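Just need the structure, nothing else, for what follows:
(chains A and B, ligands or ions: 1)
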Amino acid sequence: MTALATYAHVRDLAVNLTLRELKGKYKRSVLGWSWSLLNPLATALIFTMVFKVFFQAQTPPGQPSGLSNFPLWLLCGLLPWNYLANSLNGATESLVANGNLIKKVYFPRQVLVLANVASWMVPLLIEVGVLAALLLAFGNFVLPWLPMVLVLILLQSGFVVGIGLVLGAANVYFRDVKHLIGILLQAFFYATPIVYPLSLVPERVELLGLDVAVRSLYQLNPMVPMVEAYRDVLYDLRFPPVGDLAYVAAWGAGCLAVGLLVFSRLEPRLAEEL
Amino acid sequence: MTSAVSVEGVSKRFRLYHERNQSLKASLVRGRRARYEELWALRDVTLEVREGTTLGLIGRNGSGKSTLLKAMARILRPDEGKITVAGRLSALLELGAGFHPELSGRENIFLNGSILGLGRRELKRKFDDIVAFAGVEPFLDTPVKDYSSGMYVRLGFSVAINVDPAVLLVDEVLAVGDESFQRKCKEKFADLQAEGRTVVIVSHDLDAVRDLCHDAALLEGGRLARTGAVGEVVDHYLGRVHLDRVDEGGLGARWGTGEGRVERVEVLDATGDVATVVRTGEPVVFRLHFHASEPMARPVFSLGVYSVEGIHVSEPTTRDAGLVPDKVEGRGHVDLRVDRLLLVPGTYDLSASLTDHTGAHPYDVRHRAFRFEVVPGTPFERQGVVSLGGRWEGEALES
Ligand SMILES: Nc1ncnc2c1ncn2[C@@H]1O[C@H](COP(=O)(O)OP(=O)(O)O)[C@@H](O)[C@H]1O
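This next block holds a predicted model:
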């Protein structure tokens, strides 16, 4: 088989598996696909209730857009986060869930992780479309910035696929990974400026007599500049700092490379460990 | 002749874990992964499958047949050695693996096809063939979860066989589906052989192996014990299994055109009652009940007796007995009367078939579909399959 034919086959397979995931997702529910929109809207509503009404959080004003709307500000961070959390959870399970297939048919197993991530990218794109419409309605002219959003989604996807490959394969060997990732994602959710603005994180903190540069440590989390960049583009309508973008891109490429490498090491014995 | 599959010095090792579920705790507590023992499922296996031939892999349960087949299919990676396959390969290990129950038949054809390695354009071209062969046209837009198990399997087989492989790997799956589908599969299979495809089959059904294969390879405890022409290898194997009696069970396959059908076979004991247990040395009647919904011209009835190990013990037919009626119609039975049953104690399977006079046209064949038990009687013998009915004599034995 030529390399070209193999590429075409892998692409067809990825598309078909993605369609399978998508069609399976809401097949038995009454509202079907609407859930993928209702979920983030409901979450945004709950968080707005908690943080805006109970905690009386300030709505960060868009710079330079001038927009001031807490739910929209929230959604700009929440949607990329949901994409990350859903795909990492899904990728972790993707190989175990398709265990029977892996044991009976040979095909490049990476496609299962890829298809799972892609199946969460589709709802993300729809959600971003709806968010863009809402932003437009509230006076934010986001249209010229949408290509930039796609670039961000792509960078984030490299990151997610890379980590997903490692998690998916690791979960075959240790089924605990699934539970571990649930807890880690929860911790990272609060370690990322989604429900609060980055400005709330103090620069330095006195800890046990030591002067700790909390903000710098905090910003090592690649999801921090990632979410900030989405907000820059959608909410503030400005170009994200180039340094942040480079940092995010480096993480994306690095995770993807490491993920592919680790996966190729773990792949040979997947069928017998399942 | 060139080889389509070449297996060179292949060994495969499995890990057997002491705890069933792999847990992080176990490894954290012990500072490493759960403890395991190693099991060599394949040991230095070298063999070639000649292009355009059919090879049967035989051996007892656990001898490594499936492991070797999966290694050929690239599902398992050998720890040592190398396997090379010339051309596209398709493995029929489980029909419809990868079907999504909520998706329609049409969607699953595309999904399953692409999992098996068919491109979109190729699939579109073959779509009608696949649907026609499976006979599921009216249900194309029904989710496969609503399919009968027969339809499910037919669709799975149809997609897999249409991959158009140069090398086809088959694991027992030819023994599935209803009779008419069985026949279709066998025909399709014969076509593939005639077209010069290379096939590797794993089967417990030694008769099927004899019928379908040119060559056979016998595995014993993961090692290649013998390869060569199918007859020779199977005979050698039968000599072996015979010694250590493995239970591999009846297969119950059925095929035929259905003008006449074998309804059931009864075993009647010495008292004339229907029994499942009979005694060595006693009279027995095997009664074959048939129903011919259409007149059968010059039909032949036959009964096959198999030991559970698969040894074909005997196959009396009405044709060989010179009893060929011109025409048989309706319901009835024929009896095979045995004055002294000379089978040694053990479990036996019965096949019953109804064919036309030439034997080429099966009305109904029920392969190893009935089972009965023989308990010790006279003569009392324990080994082998049949007793010769002999008596020991001699002065030395008389004190
Ligand atoms: N995934 C696995 N993990 C551990 N042992 C296995 C696995 N698959 C097969 N084995 C073992 O390998 C040996 C060979 O099995 P198999 O190839 O299935 O034999 P056969 O097909 O001849 O019945 C058996 O002892 C079986 O228990």
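
now the helices for the chain?
I'll assume chain A. Counting by DSSP state H, chain A has helices at residues A:3-25, A:34-47, A:70-97, A:99-104, A:110-137, A:146-173, A:177-190, A:214-218, A:223-231, A:242-266, A:270-273.

Please refer instead to chain B.
All helices of chain B, identified by DSSP H, fall at B:24-30, B:65-72, B:105-115, B:120-134, B:149-161, B:179-194, B:206-212, B:230-244.

Which of the ones you listed has the lowest mean pLDDT?
Note on those: lowest mean pLDDT is at helix B:24-30, with a mean of 59.

circling back: make a markdown table out of the helices of chain B and add mean neighbour count.
(Glycine included, C-beta is placed from N, CA and C.) Shown next, in a markdown table, are those (neighbours: other CB atoms under 10 Å in any protein chain shown):
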| stretch | mean neighbour count |
| --- | --- |
| helix B:24-30 | 13 |
| helix B:65-72 | 24 |
| helix B:105-115 | 24 |
| helix B:120-134 | 16 |
| helix B:149-161 | 23 |
| helix B:179-194 | 16 |
| helix B:206-212 | 19 |
| helix B:230-244 | 16 |
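
Go through those and name the closest to B:F380.
Relative to B:F380, the nearest member of these by CB to CB is helix B:230-244, separated by 19.1 Å.

Now do the buried residues in stretch A:222-241.
Judged by neighbour count (16 or more other CB atoms under 10 Å in any protein chain shown), stretch A:222-241 contains these buried residues: A:222-237, A:240.

on that earlier part again, columns distance to A:H179 on top of the helices of chain B, output as CSV?
Converted to CSV, the helices of chain B look like this (distance: least, CB to CB, whole Å):
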stretch, distance to A:H179
helix B:24-30, 9
helix B:65-72, 31
helix B:105-115, 29
helix B:120-134, 39
helix B:149-161, 34
helix B:179-194, 45
helix B:206-212, 47
helix B:230-244, 47
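
Of the helices of chain A, give the one that comes closest to the ligand.
Closest to the ligand of those is helix A:270-273 (CB to the nearest ligand atom; 3.9 Å).

circling back: including mean pLDDT and distance to chain B, could the helices of chain A go into CSV?
Listed next are these as CSV, based on pLDDT from 0 to 100; distance: least, CB to the nearest CB, whole Å:
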stretch, mean pLDDT, distance to chain B
helix A:3-25, 80, 4
helix A:34-47, 83, 16
helix A:70-97, 94, 11
helix A:99-104, 88, 4
helix A:110-137, 93, 9
helix A:146-173, 95, 6
helix A:177-190, 92, 7
helix A:214-218, 87, 27
helix A:223-231, 95, 24
helix A:242-266, 94, 11
helix A:270-273, 88, 5
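
right, and B:E381 touches B:G346 too?
No. The criterion here is CB atoms under 8 Å, and B:E381 misses it with B:G346 at 10.8 Å.

Who has more neighbours out of those two?
B:E381 (19 against 16; other CB atoms under 10 Å in any protein chain shown).

which residues does that one contact?
Taking CB atoms under 8 Å, 6 or more residues apart in numbering or on different chains, we find B:E381 in contact with B:280, B:344, B:387.

what pLDDT does the second one get?
Looking back up the chat, that one is B:V344. 91.

If you tally nearby residues, what's the number for A:W120?
So A:W120, with other CB under 10 Å, has 26 neighbours.

That one: what's it in contact with?
Counting by CB under 8 Å, 6+ apart, A:W120 makes contact with A:83, A:86-87, A:90.

how about stretch A:13-27: buried residues?
Buried-residue list, stretch A:13-27, by 16+ other CB under 10 Å: A:13-23, A:25.

cool, stretch B:316-326 as well?
B:317-319.

again with stretch A:121-133
By 16+ other CB under 10 Å, the buried positions in stretch A:121-133 come out as A:121-124, A:127-128, A:131-132.

Next: stretch B:331-341.
Buried residues in stretch B:331-341, counted by 16+ other CB under 10 Å: B:334, B:336, B:338, B:341.

how near is B:I83 to B:A71?
Going from B:I83 to B:A71 by CB to CB, to the nearest Å gives 6 Å.

do the same with B:S387
For B:S387 relative to B:A71 (CB to CB), the value is 43 Å.

got the end-to-end distance for stretch B:168-181?
19 Å (CA to CA, to the nearest Å).

follow-up on the earlier one: of the contacts of B:E381, which is the nearest to A:N116?
Taking CB to CB as the measure, A:N116 sits nearest to B:V344 out of the contacts of B:E381, at 58.2 Å.

wait, what's in contact with the closest one?
Shown in contact with B:V344 (CB under 8 Å, 6+ apart): B:280, B:374, B:381-387.

next one: B:E315
By CB under 8 Å, 6+ apart, the contact list for B:E315 reads B:302-305.

Closest to B:P325 out of these?
Nearest to B:P325 among the contacts of B:E315, with distances taken as CB to CB, is B:S302, at 14.3 Å.

Now do the contacts for residue 13.
Unless you meant another one, I'm taking chain A. By CB under 8 Å, 6+ apart, the residues touching A:L13 are A:107-108, A:111, B:114-115.

Chain B, not that one
By CB under 8 Å, 6+ apart, the contact set of B:R13 is B:38-41, B:79.

ok so, going back, format the buried residues of stretch A:121-133 as JSON lines; extra columns: distance to B:L16.
As requested, the buried residues of stretch A:121-133 are arranged in JSON lines below (distance: CB to CB, whole Å):
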{"residue": "A:M121", "distance to B:L16": "40"}
{"residue": "A:V122", "distance to B:L16": "42"}
{"residue": "A:P123", "distance to B:L16": "42"}
{"residue": "A:L124", "distance to B:L16": "43"}
{"residue": "A:E127", "distance to B:L16": "47"}
{"residue": "A:V128", "distance to B:L16": "49"}
{"residue": "A:L131", "distance to B:L16": "52"}
{"residue": "A:A132", "distance to B:L16": "55"}
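
Leaving out sequence neighbours, find the closest residue to the residue most central in space within chain A.
For chain A, the residue nearest the mean C-alpha position is A:L84 (2.0 Å; CA atoms, centre = their mean). Nearest non-adjacent residue to A:L84, counting by CB to CB, 6 or more residues apart in numbering or on different chains: A:V160, 5.9 Å away.

quick one: B:V200 and B:A71 touch, right?
No. Applying CB under 8 Å as the test, B:V200 and B:A71 come out as separate, 11.2 Å apart.

State the distance from the nearest residue to A:A8 once chain neighbours are set aside to B:E232.
What sits nearest to A:A8 in space, not counting adjacent residues and going by CB to CB, 6+ apart, is B:G119, at 5.8 Å. The spacing between B:G119 and B:E232, counted by CB to CB, is 42 Å.

swap in A:Y235?
A:Y235 is 79 Å from B:E232, where distance means CB to CB.

The residue nearest to A:L84: neighbouring residues, count only.
For A:V160, the number of neighbouring residues by other CB under 10 Å comes to 28.

same thing with A:F138?
14.

Might you report the residue contacts of it?
By CB under 8 Å, 6+ apart, the contact list for A:F138 reads A:67, A:69, A:72.

residues contacting residue 57?
No chain in the question, so chain A it is. Contacts of A:A57 were listed using CB under 8 Å, 6+ apart, and they are A:51, A:70, A:196.

could you do chain B instead?
Contacts of B:L57 (CB under 8 Å, 6+ apart): B:65, B:68-69, B:200-203, B:216-217, B:219.

if we can go back for a sec, which of the contacts of B:V344 are buried?
Judged by 16+ other CB under 10 Å, buried ones among the contacts of B:V344: B:280, B:374, B:381, B:385-387.

Of those, which is the nearest to the ligand?
Among the buried ones among the contacts of B:V344, B:V385 lies closest to the ligand (CB to the nearest ligand atom), at 23.3 Å.

so that closest one makes contact with B:V305?
No. Between B:V385 and B:V305 there is no contact under CB under 8 Å: 9.1 Å.

what touches both of the two?
Any residue near both B:V385 and B:V305 by CB under 8 Å, 6+ apart counts here, and that gives B:313, B:343.
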